[in-house]
Each structure stands twice: as structure tokens, then as C-alpha cells.
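In: sequence unavailable; structure follows:
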């Protein structure tokens, strides 16, 4: 069975400081992993995805994540937070077994960015 | 990029009435569409998967007779909440995928409030 755990429900950082949002996954297969961001009253936007290519994945808006199989982690980072980064972030896993592409969402991490 | 729209963006209805929510892929043909439900400050839970021209596949615990899904074309899927009750109040989000890629494109969501 597949599952994903986001280790922090809330993260608060100051503008210009690094961001770290933690995610651990469980999967019987070689998974695909995603990070989505949800701004209020907007649809989920894909930040980045890992699909068994390079383990360090670069996404939009300066975000990146590293797939670490030994640690079953896929943490999201950004060197310098911007006020516009404040949003809800979801780590998502899907089994890379083809066919039925069910996305399993983590509980979400709310990122607050302070001036 | 691929755009998915939902209509309406919000709806308020009386208990016992039915509400239809539309999900459209605007610039691509969606072989599969997904319907999610999101409770306040919680994650997305997959309700059902619909493939164009066939019956939807519902997740365990989701009442198929209450949440009717129709995927009549490659660009349109509808979710009808029948005989809505206050406990059906939630944020409903659709997504669509095309081809064999695992990426799903999400709509902006529909907020349903049942009085």
C-alpha cells in the first residue's frame, strides 16, 4: 500500500530565509512523487515531480526536492522564501505501476512567511 | 499549460436538493478525470475516477447513488450531489489527465454549502 506523511502541519519562516517542508512516503513500487501548492481560492498547481529520473528535481518558483530512497523521503526546499510562497503544500505519491494513476495526498503543510 | 475549469465556483443550496458541478478540460482531451473532496484544513480525498464513455470507479465508502458522475465527452465530466444534506458541504475538486503521463491538472474547486 502507498502512503505519504508530511511531518509538519505548519511551518513558519521569515522572508529571505530557507524553506524546508518534509515528506516521507511508503510505496510497494517505485513511486512517482509530486509536490503541489494550493493558494486560497485557486486550483492546485504542480511544483515539481519525480518519476525515476534524476533524484534532485527542480521545480517552478525556485523550489526543488530530493528523492532519497534509503530514507524514503522527498523533502521540498527553497533557498530563500518569498511572501508569495505562503500557501498550503501537498506531497503526493502514486504507484509507478502504470494503468490506474491514483494520487495519494499527504495531509498538507501550511507555510507562513513573515516579513 | 493544461487548464481545467470548474463551474460553479461556489454554490449554496437547500437540504434535499441536487447540485451539479461541471469539470472541463479547456485545451486538451482528458482520457480520465478524477473527483476529490476536501474538508476544511484537510487533505484531498479521492472520491471517484471516471473514464470517458464508461462508468466511474468509486473509492471505498463513497456512495455512488449519492454522487453521480458522468463523463460524457473527452472534455467534460459532471458530479451531481443528489439529495444534498449539510454533511455534504465541502470543497469539491476535479482533475484531469491526458495520455500516459501521471500528471493530473486540477480545477480551481467548487465550494458547496448545504443549508
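Out: Happy to help now that I have it. What you see is a predicted model; the values in this text were computed from it and never measured.
In: which residues does the spatially most central residue of chain B form a beta bridge with?
Out: Centroid-nearest residue in chain B: residue B:35, 3.6 Å away (criterion: C-alpha atoms, centre = their mean). Note on residue B:35: beta-bridge partners residue B:48, residue B:94, judged by DSSP bridges.
In: right, and it touches residue B:90 too?
Out: No: between residue B:35 and residue B:90 there is no contact under C-beta atoms under 8 Å: 11.3 Å. Glycine gets a C-beta too; all of them are placed from N, C-alpha and C.
In: how about the strands in chain A?
Out: A:3-6, A:10-14, A:19-21, A:23-26, A:31-38, A:45-50, A:56-58, A:64-68, A:73-78, A:87-95, A:104-105, A:109-114 (DSSP state E).
In: could you list the low-pLDDT ranges of the chain?
Out: Because you didn't say which chain, this covers chain A. Low-confidence segments of chain A (pLDDT under 70): A:96-101.
In: oops, wrong one, chain B.
Out: If you take pLDDT under 70 as the line, chain B has these spans: B:1, B:99-102.
In: what does it put close to chain A?
Out: When proximity is defined by C-beta under 8 Å from any C-beta of the partner chain, chain B lies next to chain A at B:4, B:32, B:34, B:42-46, B:49, B:93, B:95, B:97, B:100, B:102-109.
In: if we use 6 Å, what do you get?
Out: By C-beta under 6 Å from any C-beta of the partner chain, the residues of chain B that approach chain A are B:43-44, B:102, B:106-108.
In: find the nearest non-adjacent residue to the spatially most central residue of chain A, please.
Out: Centroid-nearest residue in chain A: residue A:35, 3.2 Å away (criterion: C-alpha atoms, centre = their mean). Distance criterion C-beta to C-beta, 6 or more residues apart in numbering or on different chains; nearest residue to residue A:35, sequence neighbours excluded, is residue A:47 at 4.3 Å.
In: so what's that neighbour up against?
Out: The contact partners of residue A:47, by C-beta atoms under 6 Å, 6 or more residues apart in numbering or on different chains, come to A:35, A:37, A:59-60, A:63.
In: among the residues you listed, name the buried ones.
Out: Among the contacts of residue A:47, those classed as buried by 16 or more other C-beta atoms under 10 Å in any protein chain shown are A:35, A:37, A:59, A:63.
In: can you map out the strands along chain B?
Out: B:4-7, B:10-13, B:19-25, B:32-38, B:44-51, B:57-58, B:67-73, B:76-81, B:90-97, B:105-106, B:110-114.
In: and the ones you listed as CSV, adding distance to residue A:84?
Out: Converted to CSV, the strands of chain B look like this (distance: least, C-beta to C-beta, whole Å):
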stretch, distance to residue A:84
strand B:4-7, 22
strand B:10-13, 24
strand B:19-25, 27
strand B:32-38, 22
strand B:44-51, 22
strand B:57-58, 37
strand B:67-73, 35
strand B:76-81, 31
strand B:90-97, 22
strand B:105-106, 19
strand B:110-114, 23
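In: so which of those gets nearest residue A:83?
Out: Residue A:83 lies closest to strand B:105-106 among the strands of chain B, at 23.4 Å (C-beta to C-beta).
In: would you mind measuring from the residue nearest to residue A:35 to residue A:34?
Out: The gap separating residue A:47 from residue A:34 is 8 Å, by C-beta to C-beta, to the nearest Å.
In: what is the neighbour count of the nearest residue to residue A:107 once chain neighbours are set aside?
Out: Excluding the flanking residues, the one nearest residue A:107 by C-beta to C-beta, 6+ apart is residue B:43, at 4.9 Å. Residues within reach of residue B:43, counting by other C-beta atoms under 10 Å in any protein chain shown, total 18.
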